[in-house]
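Colleague: Structure here, sequence nowhere to be found:
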């Protein structure tokens with residue numbers, strides 16, 4: 001079951017998958033319009049089958065430019081923001097609306113269709129929704145299946161490798177492997193409601209990776225790794241803790257990375273934190 005408040009899976013916004021979607025949608029639209037002639041499209045105007053094929057092909061390919069522009073905007077948007085599934089659905093319907101508007105204007109002012117604009121827009125919206133939603137749905141199912149297949153292959157091949165290289169694997173709430181990183185690169189894990197942000201070092205830069213999972217469940221899976229709960233919102237890799245400091249706000253953990261904010265320690269976890277820190281000092 002799809003949860004609409006979940007982030008859009010990352011594979012939907014990969015360049016290669018965007019190209020696949022655009023090509024598949026274009027091919028589907030060409031075949032569908034020219035073979036099945038939805039809503040009697042070939043009878044709208046007095047043209048030969050070849051003329052209809054030529055005009056419809058050029059028009060469809062021109063209209064697909066809207067999808068291309070839309071996906072370029074989405075690709076760049078997702079570099080800086082999280083796109084949730086409900087937002088993606090709204091985005092798709094916006095694509096349908098703009099493409100329907102394009103086709104309506106084309107029919108009205110280029111083909112000189114004598115029907116009123118409202119009728120043209122309604123008809124274009126139906127046709128466009130049919131032409132876009134079918135390949136979109138097929139692409140969604142295929143990408144989801146392909147991603148699951150790749151995850152299974154990665155999980156199988158990474159079992160021994162994970163142990164050998166001291167890797168920490170992070171799974172989402174469904175038990176699907178989402179992220180794996182060397183323990184030495186992990187800084188801390190921060191709770192974000194039903195999600196967690198994994199803060200880690202990537203090529204000498206601090207990066208974050210978001211997965212859907214609770215900190216409580218993650219605490220159980222990371223037991224014994226040295227990544228310890230210190231606050232209701234934080235877990236810390238104690239290999240990276242340099243100083244424990246007490247100020248007017250309570251205990252704080254300073255990490256051995258410049259530019260990172262101090263991590264708070266709540267009263268509930270003071271005993272665990274001091275015990276873990278002492279053990280690391282002795283080692």
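Modeller: That came through fine. Since we're looking at a predicted model, the values are computed, not measured. Numbers count the residues shown, from 1 in each chain.

Colleague: can we go C-alpha only for contacts and neighbour counts from here?
Modeller: OK.

Colleague: partner strands of the helix or strand that contains residue 168, parallel or antiparallel?
Modeller: Taking DSSP states H and E as the criterion, residue 168 maps to strand 167-171. According to DSSP bridges, strand 167-171 forms sheet pairs with strand 177-182 (antiparallel).

Colleague: tell me what the next helix or strand after the strand it pairs with is packed against?
Modeller: Note on strand 177-182: by DSSP H and E, the next helix or strand toward the C-terminus is strand 186-192. Where contact means 3 or more CA pairs under 8 Å, 6 or more residues apart in numbering; DSSP states H and E, strand 186-192 is packed against strand 195-202, strand 234-237.

Colleague: Pull out the buried residues from the first one.
Modeller: Same thing as strand 195-202. 195, 196, 197, 198, 199, 200, 201 (16 or more other CA atoms under 10 Å).

Colleague: Go ahead and name everything in contact with that strand.
Modeller: Here strand 195-202 makes contact (CA atoms under 8 Å, 6 or more residues apart in numbering) with 185-191, 206-215.

Colleague: Can you say which of those are buried?
Modeller: Taking 16+ other CA under 10 Å as the criterion, what is buried in these is 185-191, 208, 210-215.

Colleague: now those in TSV, with pLDDT?
Modeller: Putting those into TSV (pLDDT from 0 to 100) gives the following:
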residue	pLDDT
185	93
186	94
187	94
188	95
189	95
190	95
191	92
208	93
210	93
211	93
212	91
213	91
214	89
215	90
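
Colleague: ok, and the closest non-adjacent residue to residue 82?
Modeller: residue 7 (6.4 Å; CA to CA, 6 or more residues apart in numbering).

Colleague: what residues are up against the one you found?
Modeller: Residue 7 is in contact with 82, 83, 84, 85, counting by CA under 8 Å, 6+ apart.

Colleague: at 10 Å instead, please
Modeller: 82, 83, 84, 85, 86, 87, 88, 195, 210, 211, 212 (CA atoms under 10 Å, 6 or more residues apart in numbering).

Colleague: Need the pLDDT of residue 179.
Modeller: Residue 179 carries a pLDDT score of 89 in this model.

Colleague: I'd like to know which elements the helix or strand where residue 89 lies is packed against.
Modeller: Assessed by DSSP H and E, residue 89 sits inside helix 85-109. Under the contact criterion of 3 or more CA pairs under 10 Å, 6 or more residues apart in numbering; DSSP states H and E, helix 85-109 touches helix 49-80, helix 117-164.

Colleague: Would you convert those helices into a markdown table that also reports mean pLDDT?
Modeller: Shown next, in a markdown table, are the helices and strands packed on helix 85-109 (pLDDT from 0 to 100):
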| stretch | mean pLDDT |
| --- | --- |
| helix 49-80 | 80 |
| helix 117-164 | 78 |
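
Colleague: what's the closest of these to residue 230?
Modeller: When the helices and strands packed on helix 85-109 are compared for distance to residue 230 using CA to CA, the nearest one is helix 117-164, at 25.5 Å.

Colleague: to the chain's geometric centre, what's the distance from that closest one?
Modeller: Offset of helix 117-164 from its chain centre (CA atoms, centre = their mean, to the nearest Å): 12 Å.

Colleague: Can you list the helices and strands that that helix packs against?
Modeller: So helix 117-164, by 3+ CA pairs under 10 Å, 6+ apart, packs with helix 15-31, helix 49-80, helix 85-109, strand 167-171, strand 177-182.
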